[in-house]
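Asker: Dropping the sequence and predicted coords here.
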Amino acid sequence: MAEILVNGGNRLQGEIPVSGAKNAALPLMAVTLLTDEPVTLRNCPDLDDIATLSNVLRGHGASVDASWLGLTVAGETDSGSARGSLPTLRLHTPEIASIRAPYELVSQMRASILVLGPLMARMGRAEVSLPGGCAIGSRPVDLHLMGLEALGAWIELRDGYVFAETARGGKDRLRGAKITFPKVSVGATENLVMAATLAEGRTELLNAAQEPEVVDLCQCLTAMGAQISGIGTSHLIIDGVERLGGVTHQVVADRIEAGTFAVAAGMTGGELILKNGRLDHLGSLVGVLHETGIVCSEISGGIHVVSTVDRPRAVSVTTQPYPGFPTDLQAQTMSLMVMAEGSAVLTETIFENRYMHVPELIRMGANIDINGRVAVVRGVERLNGAPVKASDLRASASLILAGLVAQGETRLSDIHHLDRGYERIEDKLRGVGASIERLDGGT
Ligand code: EPZ
């Protein structure tokens, strides 16, 4: 099995490129189901999740030019192209060949549920496998379904699938409605915005997610002819239109990747330029890092990050929906607090099981106590390299970060979790001085 080896102690210094955001590219790919014209996504990251969703969309009749993905995408032989060569994805769905998204694909990647809204908007019918949970939580989709019902869809859950249909056997269009989310949901907001673009009349989404990836999706849909106002706020208003046109859209830079590298700079006492990163999208991470002694500032074409202290100071953090502290940076920030001066209390309010990285960090010498959703981290002066196992995407990143400062070698296994959301992370970190390599496992 492939592994990543890290030898700790190097200070990171230099310029590191930030890729397009996975969590923007995935909903952006789904917009191809809303139009019979071509959709081109520039700055698309070369990730396993992108390849998986490409397969799901192919099943609906989309042609997806993913030849630059370093993976074999169903229906195409692996072109053998170097991964991350041409980050442009071309999608085209002249007509929907199937309304069914099968379990074997959806279960590989939960964000496949994002085909539900577009299928209902364009076809009035959908059969989408329930995505099921994952390592970090049960990941229900009740808010997605509640919203579609409010838009006039009839929903039945049977045999692990969502069967959805508009009135008259799918012949009617969805009808605009006023929907208030009881809790903020990025995916439900995205699914319902896409569904509402072709609904009859006005839809209002209250307590909608405001993440930059949601903004990026709304901006792309607007360029396709959708009528959306309140973009970037928690109150979105979508006036349905008859049809949407094609688009060429640039995927927004990945704020979670940028935040991961900012933490890496701070942990190693280094200084990085995060090329193409957006400081304004780092939200409350900037303030938290500043309190630890890591200063982030905007420069032309990216973000400058520099550590101003010998050892970061511990700072407590509670995850919240954007612009609060991102749950997707909780694990990475915990690695920072593990070696910081003092104690920090981390509270994970979004997911019920997002501390899978804790036992592995403890094996490296961390001092962490978990009580439900609260983690108390007492900073230690030294971490020791160890063989550790990845459990989910962001936990994998947190273990690499810990390896960057640990004494000796850290060997990370199950790195397929990592490849879902980070593009060539070992190459990028090596490029700024880390001692890190990927062993492809071979026999
Ligand atoms: C998106 O997941 C991201 N994934 C996640 O990133 C991110 O952690 C999450 O938003 C929160 O920011 C993508 O964008 C592909 P939610 P999503 O719906 O949409 C509950 C990563 O590491 N909920 O905002 O699935 C849910 O259980 C991934 O890149 C319901 O109860 O997250 C969670 O507790 C991990 N019912 C909370 O809401 C629903 O119908 C937030 O989930 C939907 C969600």
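Answerer: Received the coordinates, thanks. Numbering: from 1, shown residues only.
Asker: In which helix or strand does Gly277 reside?
Answerer: When elements are assigned from DSSP states H and E, Gly277 belongs to no helix and no strand.
Asker: OK, contacts around it?
Answerer: Val18, Ala253, Arg255, Ala258, Phe261, Gly302, Ile303 (CB atoms under 8 Å, 6 or more residues apart in numbering). (Glycine included, C-beta is placed from N, CA and C.)
Asker: One more pass at 10 Å, please.
Answerer: When contacts are counted by CB atoms under 10 Å, 6 or more residues apart in numbering, Gly277 is found next to 16-18, 253-255, 257-259, 261-262, 296, 298-299, 301-305.
Asker: Give the ChimeraX command for selecting the buried subset of these.
Answerer: Once 16 or more other CB atoms under 10 Å is used to decide burial, the buried members of these can be selected in ChimeraX as follows:
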select :16,17,18,253,254,255,257,258,259,261,262,296,302,303,304,305
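Asker: so what's the closest residue in space to Gly20 that isn't next to it in sequence scoring on pLDDT?
Answerer: Nearest residue to Gly20, sequence neighbours excluded (CB to CB, 6 or more residues apart in numbering): Val251, at 3.5 Å. The predicted structure scores Val251 at 96 on the pLDDT scale.
Asker: Gly324 too?
Answerer: Looking at Gly324, its pLDDT stands at 96.
Asker: Find the residue closest to it in space, skipping its chain neighbours.
Answerer: If the residues on either side of it in the chain are set aside, Gly324 comes closest to Ser284, at 5.8 Å by CB to CB, 6+ apart.
Asker: for Phe163, same thing?
Answerer: Closest residue to Phe163 in three dimensions, ignoring its sequence neighbours and counting by CB to CB, 6+ apart: Glu156, at 4.5 Å.
Asker: In contact with the one you found, which residues?
Answerer: Counting by CB under 10 Å, 6+ apart, Glu156 touches Val162, Phe163, Ala164, Glu165.
Asker: Which members of the contacts of Gly277 occur in helices, if any?
Answerer: Helix and strand membership here follows DSSP state H; of the contacts of Gly277, those in helices are Arg255, Glu257, Ala258, Gly259, Phe261, Ala262.
Asker: Counting neighbours, what do you get for the residue in the chain positioned nearest to the ligand?
Answerer: Shortest the chain-to-the ligand distance, computed as CB to the nearest ligand atom: residue-wise this is Gly187, at 2.8 Å. Taking other CB atoms under 10 Å as the neighbour definition, Gly187 ends up with a count of 23.
Asker: isn't it right up against Asp142?
Answerer: No: judged on CB atoms under 10 Å, Gly187 makes no contact with Asp142 at a distance of 11.5 Å.
Asker: Roughly how far does Pro182 sit from Gly301?
Answerer: The spacing between Pro182 and Gly301, counted by CB to CB, to the nearest Å, is 40 Å.
Asker: same check, this time on Val388
Answerer: For Val388, the distance to Gly301 under the criterion CB to CB works out to 35 Å.
Asker: Leu28 too?
Answerer: Using CB to CB, which is the criterion applied here, Leu28 is 22 Å from Gly301.
Asker: cool, Glu104 as well?
Answerer: The span separating Glu104 from Gly301 equals 42 Å under the rule CB to CB.
Asker: go on, Ala395?
Answerer: 31 Å.
Asker: Ok, Cys44 next?
Answerer: Computed as CB to CB, the Cys44 to Gly301 distance reads 19 Å.
Asker: Would you confirm that Glu127 contacts Pro102?
Answerer: Yes: assessed by CB under 10 Å, Glu127 is found in contact with Pro102 at 8.9 Å.
Asker: how much space between His304 and Thr180?
Answerer: Using CB to CB, one obtains 41 Å as the distance from His304 to Thr180.
Asker: Ok, Leu439 next?
Answerer: Computed with CB to CB, the distance linking Leu439 and Thr180 is 50 Å.
Asker: which residues does Leu282 contact?
Answerer: Contacts of Leu282 were listed using CB under 10 Å, 6+ apart, and they are 212, 255-256, 258-259, 262, 274, 288-289, 296, 298, 303, 305, 323, 326, 329.
Asker: Between those residues, which sits nearest Met123?
Answerer: Pro212 (29.5 Å; CB to CB).
Asker: my read is Leu399 is in a helix, agree?
Answerer: Yes: per DSSP: H, G, I helix; E, B strand; the rest coil, Leu399 lies within a helix segment.
Asker: Secondary structure class of the nearest residue to it once chain neighbours are set aside, three-state.
Answerer: What sits nearest to Leu399 in space, not counting adjacent residues and going by CB to CB, 6+ apart, is Val388, at 5.0 Å. Taking three-state DSSP as the rule, one finds Val388 in the strand state.
Asker: How about the contacts made by Val388?
Answerer: With contacts defined as CB under 10 Å, 6+ apart, Val388 is in contact with 6, 357, 359-361, 363-364, 395-396, 398-400, 402-403, 406, 410-414.
Asker: which bits of the stretch 301-443 of the chain sit near the ligand?
Answerer: Within the stretch 301-443 of the chain, the positions adjacent to the ligand are Thr327, Asp328, Ile350, Phe351, Leu393, Arg394, Gly421 by CB under 6 Å from any ligand atom.
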